[in-house]
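In: I would like to see how this sequence folds:
(chains A and B)
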Amino acid sequence: MLKNYLKIALKVLLRRKFFTFISLFGVSFTLVVLMVVTAMLDHAFGPMPPETKLDRSLGVFTVCISSPDQQNSRSAAAGYRLLDRYVRTMSTPEKVTVFTSARQIYSYQNGQKIPLFIKFTDGEFWEILDFEFLEGQAFSHDDEKNANFVAVINEATRKKFFGNASAVDKTLEVDGRNFRVIGVVKNVPNFRPTPFADIWAPLSTAKGKPPDDLLGNFHAAILAKNRADLKAVKEEFQDKLGQVEFADPKEFNTIVSAAETQFESVARGFFANDRTAGNYATQLLALLIFLMILFMVLPTVNLVNINISRIMERASEIGVRKAFGASSWTLVGQFVVENVLLTLIGGVIGFVLAFIVLQMLTSSGLIQYAEFHLNYRIFFYGLALAVFFGVFSGVYPAWKMSRLHPVAALRGRSI
Amino acid sequence: MIQLNNIEKVYRTDKIETVALSNINLQVKEGEFISIMGPSGCGKSTLLNIIGLLDAPTRGGVQLNGTKVTAYRDKQLARMRNEQLGFIFQTFHLIPDLSVVDNVEIPLLYRKLSGAERRKMALQALERVGLISRVHHFPSQLSGGQQQRVAIARAIVGKPRILLADEPTGNLDSQMGDEIMNILMDLNKNEKTTVVMVTHDPRLSEKTERIIRLFDGRQVN
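Out: Next up, the predicted model:
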């Protein structure tokens, strides 16, 4: 039966080329947009090297301190004192790393000014994150302790300074100081604020001593022992915040921050402000799903309209099928199958177009070091979306069609 | 085989009430070949549609093979049509996108049969109407007479006990009409298929065993 349905569906699609084009364009264009957006979200928030342990990782991204009357407040990244004294000393996590934001500096190569992003961090950074080393290795706790001028660079930086040759043990002049390259890792896109940089160097080699403050340009990544511990880690972090000593409690005496995922941090920024420590991830997810559905409704309504107008053209067929034993629900099934087929074809075209768009986005360099892929997860999302499209846009016209009276249908008109 | 008791069919709109059939009582025995005649608009097709379970009477009862079908739901009616009835229409109603053999297979799609079984039965039905050489043609590639023969093959492929033909020769010239009539008579004689045929043509109705005449929705025998 399915073969017969598919056969007639293909014939109908070929017979009505303009209708097919409009429908396929609507489905594939929508899928391209959705899949590109999904790929970007996946690239920003999904687990991928070096952030492979995202399921048990949290970060400290922003801190807000307020005056006693709440009239004056300051928000920024965390200060070194806060992270060193209160976060590194937490007992529930497996590991904690402290690192600076990626800061832009300049280096010179053959008289040419080359902008680079540098990040200063500690030895734990390399244990929490799974960087893929192309050569050499990471710096150690001892390198950080002894303020050794060693650095790990990414693939792009190696190419800029050393071409295709090995970079290990070579010297790189960064911000007026010489660092010995000890490792080269694969590029990390700047979508990922925790691992992203061009050069990573020990915290102790940063210019000047880290200011003893609660606000600054530092972040922490916290690795829980397992997923179940995340709650305990969050709670301990809040306990630690309660212990924070303020330099001048008359000026600032309240601190708000959270140990949270990158997605939770974005959600909090979107729905609240830095003064609020709640978790808004569910709301952001709901909003994204709502927007996705809203975006899909337009081509679906278009498909529903086209399908309804198509019903009358096929009234005779509906009448014949009913006369020879098709029940209303059988016809609903047939029509839904036709729509799913149409949307799956649109889905395949959408996949190909999305692949091309993502390749173009990757090669354009618009988002530094981003490498967008249509991975199996996105393939699944796309497929699910296509089927959802097919069923959603087919059920109403099919139900309407199934209500056609067989006699009226055979006469070629609806009742 | 077919029994209609006090059938009445009324079409109602907001302002108008039209009586299409009134007080129709009819019994058709198994293996009988009857024709329904009457002027245009007298209710012939409505009566045929009620016998074929495509339409429900406003009042009265329909029995097929001793089963009261008046209270049947959509799914039960669909199964009854599929297993007991075969339809032949004046305008053939072949699906233009499907080949001859695929058109003939349609009634079998709604039975639990394998693709091979369906194909075998469809080819047998096409052989029966002399169109085995045209199985992969499309309806538009056939003459009117050939299209109606495909429609007959489709009607008989499921081996129904009752064939309902609504002016089966109405769109054909007399020679082709005779061919179609011969096939129907042959099916009636050799397969013992009960045939109910609506026609305008007295030449055809004379060949049937019994003529039911309608006028203004009433039986006038």
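
In: and B:M121, how many neighbours?
Out: Per other CB atoms under 10 Å in any protein chain shown, the neighbour tally for B:M121 reads 20. Just so you know, the C-beta spots here come from the backbone N, C-alpha and C atoms, and that holds for glycine as well.

In: Tell me who's in contact with it.
Out: B:105, B:108, B:113, B:157-158 (CB atoms under 8 Å, 6 or more residues apart in numbering or on different chains).

In: quick one: which of these sit in helices?
Out: Among the contacts of B:M121, DSSP state H puts B:105, B:108 in helices.

In: Using a markdown table, lay out the contacts of B:M121 together with distance to chain A and neighbour count.
Out: Formatted as a markdown table, the contacts of B:M121 follow (distance: CB to the nearest CB, whole Å; neighbours: other CB atoms under 10 Å in any protein chain shown):
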| residue | distance to chain A | neighbour count |
| --- | --- | --- |
| B:E105 | 7 | 25 |
| B:L108 | 9 | 25 |
| B:L113 | 10 | 16 |
| B:V157 | 9 | 24 |
| B:G158 | 8 | 23 |
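
In: from the contacts of B:M121, which is closest to B:R81?
Out: Closest to B:R81 out of the contacts of B:M121 is B:G158 (9.8 Å), distances taken as CB to CB.

In: And the closest one, how far from A:N305?
Out: 36 Å (CB to CB, to the nearest Å).

In: interface residues of chain B facing chain A?
Out: By CB under 8 Å from any CB of the partner chain, the part of chain B that sits against chain A consists of B:49, B:52, B:54-55, B:74-75, B:78-79, B:81-83, B:87, B:89, B:93, B:95, B:97-98, B:102, B:105-107, B:109-111, B:115, B:154, B:158.

In: Run through the residues that contact the residue in chain B positioned nearest to chain A.
Out: Chain A sits closest to B:N82 of chain B, with a gap of 2.5 Å, by CB to the nearest CB. Taking CB under 8 Å, 6+ apart as the contact definition, B:N82 lies against A:324-325, B:107, B:110-111, B:158.

In: hang on, it in a helix?
Out: Yes - using DSSP: H, G, I helix; E, B strand; the rest coil, the assignment for B:N82 is a helix.

In: got the contacts of B:N82 as JSON lines, with distance to A:D142 and pLDDT columns?
Out: Putting these into JSON lines (distance: CB to CB, whole Å; pLDDT from 0 to 100) gives the following:
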{"residue": "A:F324", "distance to A:D142": "84", "pLDDT": "94"}
{"residue": "A:G325", "distance to A:D142": "82", "pLDDT": "92"}
{"residue": "B:P107", "distance to A:D142": "84", "pLDDT": "95"}
{"residue": "B:Y110", "distance to A:D142": "79", "pLDDT": "92"}
{"residue": "B:R111", "distance to A:D142": "80", "pLDDT": "92"}
{"residue": "B:G158", "distance to A:D142": "86", "pLDDT": "93"}
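
In: Isn't A:A77 up against A:L83?
Out: No - using CB atoms under 8 Å as the test, A:A77 is too far from A:L83 to be in contact (9.6 Å).

In: Quick check: neighbours shared by these two?
Out: What both A:A77 and A:L83 touch, as defined by CB under 8 Å, 6+ apart, is the set A:218-219.

In: Looking at the two, which is more packed in?
Out: A:L83 (24 against 19).

In: Please report how far that one lies from chain B.
Out: In this view, A:L83 and chain B are 69 Å apart by CB to the nearest CB, to the nearest Å.

In: That residue and A:I222 touch, don't they?
Out: No - with contact defined as CB under 8 Å, A:L83 and A:I222 do not form a contacting pair (10.1 Å).

In: Scan the contacts of B:N82 and report the most crowded one.
Out: Neighbour max across the contacts of B:N82 (other CB under 10 Å) = B:P107, 30 neighbours.

In: Please name the residues that touch that one.
Out: Neighbours of B:P107 in contact, by CB under 8 Å, 6+ apart: A:324-325, B:82, B:86, B:154-155, B:157-158.

In: just for the chain, where's the confidence low?
Out: I'll assume chain A. For chain A, the stretches with pLDDT under 70 are A:1, A:209-210, A:212, A:274-275, A:311-312, A:375-378, A:382, A:412-415.

In: Let me rephrase: I mean chain B.
Out: Regions of chain B meeting the criterion pLDDT under 70 cover residues B:221.

In: Now do the strands in it.
Out: B:2-12, B:17-28, B:33-37, B:59-64, B:67-68, B:85-88, B:162-166, B:194-198, B:210-215, B:218-219 (DSSP state E).

In: And the stretch 151-300 of chain A, by the same measure?
Out: A:171-174, A:177-185, A:199-202, A:215-216, A:218-224, A:254-257 (DSSP state E, counting those that start in this stretch).

In: contacting residues around the shortest one?
Out: The contact list for strand A:215-216 (CB under 8 Å, 6+ apart) reads A:63, A:65, A:74-80, A:82, A:210.

In: Let's see that with 10 Å instead.
Out: With contacts defined as CB atoms under 10 Å, 6 or more residues apart in numbering or on different chains, strand A:215-216 is touched by A:62-65, A:74-83, A:100-101, A:210, A:252, A:255.

In: Write the ChimeraX selection for whichever of the residues you listed are buried.
Out: Restricted to buried positions by 16 or more other CB atoms under 10 Å in any protein chain shown, the ChimeraX selection for the contacts of strand A:215-216 reads:
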select /A:62,63,64,65,76,77,78,79,80,81,82,83,100,101,210,252,255
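
In: Among the contacts of strand A:215-216, which lie within strands?
Out: A:63-65, A:74-78, A:100, A:255.

In: any idea how far B:F87 lies from B:R81?
Out: According to CB to CB, B:F87 stands 8 Å off from B:R81.

In: Name the residues contacting each of the two.
Out: A:323-324, A:406, B:52, B:54, B:107, B:160, B:164.

In: how about a markdown table for the contacts of B:P107, with distance to B:M185 added?
Out: Converted to a markdown table, these look like this (distance: CB to CB, whole Å):
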| residue | distance to B:M185 |
| --- | --- |
| A:F324 | 23 |
| A:G325 | 26 |
| B:N82 | 25 |
| B:G86 | 15 |
| B:R154 | 19 |
| B:A155 | 15 |
| B:V157 | 19 |
| B:G158 | 20 |
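
In: remind me, longest helix of chain A?
Out: Every helix in chain A considered (DSSP H), the longest is helix A:328-364.

In: Which other helices and strands does that helix contact?
Out: helix A:2-15, helix A:17-45, helix A:281-313, helix A:315-323, helix A:376-402, helix B:74-84 (3 or more CB pairs under 10 Å, 6 or more residues apart in numbering or on different chains; DSSP states H and E).

In: wait, which of those is closest to B:T199?
Out: Closest approach to B:T199 among these (CB to CB): helix A:315-323, 19.0 Å.

In: Could you confirm whether the closest one reaches chain B?
Out: Yes - interface with chain B: helix A:315-323 contributes A:316-317, A:319-323 (CB under 10 Å from any CB of the partner chain).

In: relative to helix A:281-313, how tilted is that helix?
Out: Counting by axes from the mean of the first three to the mean of the last three CA atoms, to 10 degrees, helix A:315-323 lies at 90 degrees to helix A:281-313.
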